[in-house]
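Asker: no FASTA, just this:
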C-alpha cells in the first residue's frame with residue numbers, strides 16, 4: 001500500500017508559477033513510476049506528466065510541454081511538478097499517482113495509488 005499526499009496548490013494569477021509536491025509513504029518509493037494528472041470541473045481526469053522510477057525518463061502532455069516540469073527525489077520519497085506561465089485553463093484539482101513498474105504510464109487506469117488531490121486555481 002502506498003499513501004500519497006499532495007501539497008502546494010493554491011490561487012495564483014495568470015502567468016505565475018506554482019510547485020506541487022507529492023509525498024509518498026512507501027520506503028520502496030524508487031520502485032514506483034509516478035504521474036501527475038488533473039481534473040477540471042465537468043471534465044475527465046487527464047494526464048499531465050509522468051516520471052520513471054529513477055527519474056531518467058519523463059513524459060508530458062503535448063499541450064503542457066515547456067511550461068510544466070516533473071521531477072523526483074527518491075531520498076525524500078517525493079515527486080514534484082513545477083508549473084510556470086500558468087493559464088486560467090490550468091485550473092483543476094491536481095493528483096499524483098503511483099505504479100510499481102519499469103515503464104512510464106500516461107493513462108489513469110494504469111496507476112494503482114492516488115492522492116486526494118490539491119486545488120490549483122489560476123485567475124485571469
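Answerer: Yes, it's here. Because the structure is predicted, anything quoted here is derived from the model rather than measured. Residues are numbered from 1 along each chain as shown.
Asker: from here on, contacts and neighbour counts on C-alpha atoms
Answerer: Will do.
Asker: give me the most central residue, the chain.
Answerer: residue 36 (2.3 Å; Cα atoms, centre = their mean).
Asker: give me the element it is part of.
Answerer: strand 32-39 (DSSP states H and E).
Asker: can you list contacts of that strand?
Answerer: 45-53, 79, 81, 92-106, 108 (Cα atoms under 8 Å, 6 or more residues apart in numbering).
Asker: rewinding a little: from residue 95, how far off is the residue nearest to the centre of the chain?
Answerer: 6 Å (Cα to Cα, to the nearest Å).
Asker: same thing with residue 13?
Answerer: Taking Cα to Cα, one finds residue 13 at 21 Å from residue 95.
Asker: with neighbour numbers in mind, choose between these two.
Answerer: Using other Cα atoms under 10 Å, the more surrounded residue of residue 13 and residue 95 is residue 95, with 26 against 14.
Asker: partner strands of the strand holding residue 36 and their direction?
Answerer: Paired strands of strand 32-39, with direction, are strand 46-51 (antiparallel), strand 92-100 (antiparallel) (DSSP bridges).
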